[in-house]
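Peer 1: Using only what follows, build the 3D model:
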Amino acid sequence: MSERQRIIAIVDDDELVRRALCRLVLSLSLKPVAYASGELFLEELGQTSPSCVLLDFHMPNMNGLDVLHELKARRAGLAVIVITGADEDAVRESCMRAGASGFLNKPLSRDTLSAAIEALRGDQRPAKVPRSQ
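Peer 2: Just a heads-up that it's a prediction; the model follows:
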């Protein structure tokens, strides 16, 4: 699959954050598909084939960890980068234990996001996705 065809799913309850992440993903010549909730993303998962998911941790109803557990049960090999506005070590550790491929802090820079996605290319899971600044 070429870089231009790679789909990046963005799951965040904040509309402004979703828009900003979509712009960042587009700037990397990737195709963003945005979802306002974890529930909506999981409902529509069979209709898209993302190569990576950018998953907000703090969301109402179903938080990022809940979505991650459900997603790993359905599509274990799908790369998931959890993103959050609060750098909490306990949250980071829980997400990584649950199968997250990476963990980044908002706001994300283009370079940080690019490095994280590049680290996930292919089937290799990186030992550590770069921490955002």
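Peer 1: Where does the closest residue in space to residue 42 that isn't next to it in sequence fall, secondary structure wise?
Peer 2: Counting by C-beta to C-beta, 6 or more residues apart in numbering, the nearest residue to residue 42 once its immediate chain neighbours are dropped is residue 70, at 5.8 Å. Yep, even glycine has a C-beta here, placed from its N, CA and C like the rest. Residue 70 is part of helix 64-74, with elements assigned from DSSP states H and E.
Peer 1: Also residue 104?
Peer 2: strand 102-105.
Peer 1: Please give the element, helix or strand, for the residue most central in space within the chain.
Peer 2: Note on the chain: the residue nearest the mean C-alpha position is residue 54, at 1.5 Å, using C-alpha atoms, centre = their mean. Assessed by DSSP H and E, residue 54 sits inside strand 52-56.
Peer 1: Which secondary structure elements does that strand sit against?
Peer 2: The contact analysis (3 or more C-beta pairs under 8 Å, 6 or more residues apart in numbering; DSSP states H and E) places strand 52-56 against strand 7-11, helix 15-27, helix 64-74, strand 79-84.
Peer 1: Direction-wise, compare the third one with strand 7-11 and give the angle.
Peer 2: The directions of helix 64-74 and strand 7-11 differ by 140 degrees, with axes from the mean of the first three to the mean of the last three C-alpha atoms, to 10 degrees as the criterion.
Peer 1: Just the buried positions in helix 64-74, please.
Peer 2: 64-65, 67-68, 70-71 (16 or more other C-beta atoms under 10 Å).
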